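Novice: take a look and give me a structure for this.
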Amino acid sequence: LFLTPGEEILVARDDADVAEIMRTLTPQRAKAIGAAALRRVLAEHTYTLRARLVDDIFKAHFERRAMEAAE
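Specialist: Next up is the predicted model:
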């Protein structure tokens, strides 16, 4: 999962973007973006979820191979 630009992360493509972000970013908004990013990461970027994803990938791979072998 990726963080949502403007809500959970700030994205700068060049020096002008960095300058604009620095000029307009308030401490309150910075804190809100940081809190939103932390919530998302803690909820969706865990070892348990990654292990399930890897397990699902392996299961799908081996199921496909078993089906191909049965043909």
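Novice: quick one: R52 from E44, how far?
Specialist: Noted for R52: a distance of 12 Å to E44, by CB to CB, to the nearest Å. C-beta coordinates here come from the backbone N, C-alpha and C atoms, glycine included.
Novice: and what of H61?
Specialist: Look at H61 and E44: by CB to CB, they are 23 Å apart.
Novice: for this protein, where's the lowest mean pLDDT among helices and strands?
Specialist: Every helix and strand of the chain was ranked by mean pLDDT, DSSP states H and E. The lowest is helix 47-70, at a mean of 94.
Novice: centre of the chain versus that helix, how much separation?
Specialist: Relative to its chain's centre, helix 47-70 lies at 22 Å (CA atoms, centre = their mean, to the nearest Å).
Novice: same question for stretch 64-71.
Specialist: So, by CA atoms, centre = their mean, the centroid of stretch 64-71 is 34 Å from its chain's centroid.
Novice: same thing with stretch 29-38?
Specialist: The answer for stretch 29-38 is 14 Å, by CA atoms, centre = their mean.
Novice: dump that stretch to CSV, restricted to CA.
Specialist: Provided in CSV are the C-alpha atoms of stretch 29-38 (Å, rounded to 0.1, in the frame of the first residue of the first chain):
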residue,chain,number,x,y,z
ARG,A,29,-0.9,20.3,9.0
ALA,A,30,2.5,18.7,9.4
LYS,A,31,1.3,17.0,12.6
ALA,A,32,-2.0,15.9,11.0
ILE,A,33,-0.1,14.4,8.0
GLY,A,34,2.3,12.7,10.3
ALA,A,35,-0.5,11.2,12.4
ALA,A,36,-2.4,10.0,9.3
ALA,A,37,0.8,8.4,7.9
LEU,A,38,1.5,6.7,11.2
